[in-house]
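>>> Have a look; sequence and predicted model below, questions after that.
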Amino acid sequence: GAVVSQHPSWVICKSGTSVKIECRSLDFQATTMFWYRQFPKQSLMLMATSNEGSKATYEQGVEKDKFLINHASLTLSTLTVTSAHPEDSSFYICSALAGDYNEQFFGPGTRLTVL
Amino acid sequence: AQSVSQHNHHVILSEAASLELGCNYSYGGTVNLFWYVQYPGQHLQLLLKYFSGDPLVKGIKGFEAEFIKSKFSFNLRKPSVQWSDTAEYFCAVNGMDSNYQLIWGAGTKLIIKP
């Protein structure tokens, strides 16, 4: 099956710094990738849809200037959390759309802790 | 409006009991249906999926689900659960009408007593 990787798997940073998370489709090309956030004991919350070569589409309530998304190639999308604060601490998960039926394949997630 | 409803938020069973987790959806147009599992401390894994064809779908680890179009349902079943099935289970749908964004159910926490 299709494989999606995320890097880093976990990161701890100081408040006010920026953190970049990479999402890669390893054995397929993905024109569309999705970024999710998962709070403890809750379901996934879609943050934005990332389209290769164009601006990302953000869900209501998600600050586009805080969560910068770049989908510069067919195998890589990045999420940059700018000026991170403790409330940004969460589990961030990406997925990539692939296959004839547009199935989403999920990355393993990135645990962000902001001190 | 597009939505997915999982009837049970928490389910507690003993080992060897049979399992059925309910999932109903509201979605216009052709749907793809999924069940994902998240084991404690781990990432999401696909259990099974339905795109077309035989409405009874078999997935990994002995799970199966049946798509009943007339009832807008996609219930997950397993004849005999094991302690290792303790996890959270998510039902999700997508399709062209949602630009293939997944519409998620709230999840069901399953606890299996040894």
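Sure, I can see it.
>>> all contacts plus neighbour counts: C-alpha atoms, from now on.
Will do.
>>> Does stretch B:52-64 reach chain A?
No. Stretch B:52-64 does not reach chain A (C-alpha under 8 Å from any C-alpha of the partner chain); its nearest approach is 9.8 Å.
>>> Dump that stretch to PDB, restricted to CA.
Provided in PDB are the C-alpha atoms of stretch B:52-64 (Å, rounded to 0.1, in the frame of the first residue of the first chain):
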ATOM      1  CA  SER B  52     -18.000  -0.600  -4.600                       C
ATOM      2  CA  GLY B  53     -19.000  -4.200  -5.200                       C
ATOM      3  CA  ASP B  54     -19.700  -6.800  -2.500                       C
ATOM      4  CA  PRO B  55     -21.300  -4.800   0.400                       C
ATOM      5  CA  LEU B  56     -19.700  -7.200   2.900                       C
ATOM      6  CA  VAL B  57     -16.100  -6.100   3.300                       C
ATOM      7  CA  LYS B  58     -13.400  -8.100   5.200                       C
ATOM      8  CA  GLY B  59     -10.600  -6.200   6.800                       C
ATOM      9  CA  ILE B  60      -7.500  -6.900   8.800                       C
ATOM     10  CA  LYS B  61      -7.500  -8.700  12.200                       C
ATOM     11  CA  GLY B  62     -10.800 -10.500  11.600                       C
ATOM     12  CA  PHE B  63     -12.900  -7.400  11.300                       C
ATOM     13  CA  GLU B  64     -15.700  -7.000   8.700                       C
END
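>>> Name the nearest residue to residue B:102, sequence neighbours excluded.
residue B:94 (4.8 Å; C-alpha to C-alpha, 6 or more residues apart in numbering or on different chains).
>>> thinking that neighbour is in contact with residue B:31, fair?
Yes. Using C-alpha atoms under 8 Å, residue B:94 is in contact with residue B:31, at 5.7 Å.
>>> Which of the two has more residues huddled nearby?
The neighbour count for residue B:94 versus residue B:31, taken as other C-alpha atoms under 10 Å in any protein chain shown, is higher for residue B:94 (25 against 21).
>>> hey, what's the more buried one bridged with?
residue B:32 (DSSP bridges).
>>> Got the confidence number for residue A:9?
What the model reports as pLDDT for residue A:9 is 93.
>>> try residue B:8
pLDDT, residue B:8: 88.
>>> how distant is the helix or strand bottoming out on mean pLDDT in chain A from the center of its chain?
None of the helices or strands of chain A scores lower by mean pLDDT, DSSP states H and E than strand A:103-106, at a mean of 86. Here the centre of strand A:103-106 is set off from its chain's centre by 13 Å, with C-alpha atoms, centre = their mean, to the nearest Å.
>>> what's the answer for stretch B:31-49, then?
Taking mean C-alpha positions (C-alpha atoms, centre = their mean), stretch B:31-49 and its chain are 8 Å apart.
>>> now stretch A:106-115
9 Å.
>>> and the gap between the residue nearest to residue B:102 and residue A:23?
Plainly put, residue B:94 is 21 Å away from residue A:23 if you go by C-alpha to C-alpha, to the nearest Å.
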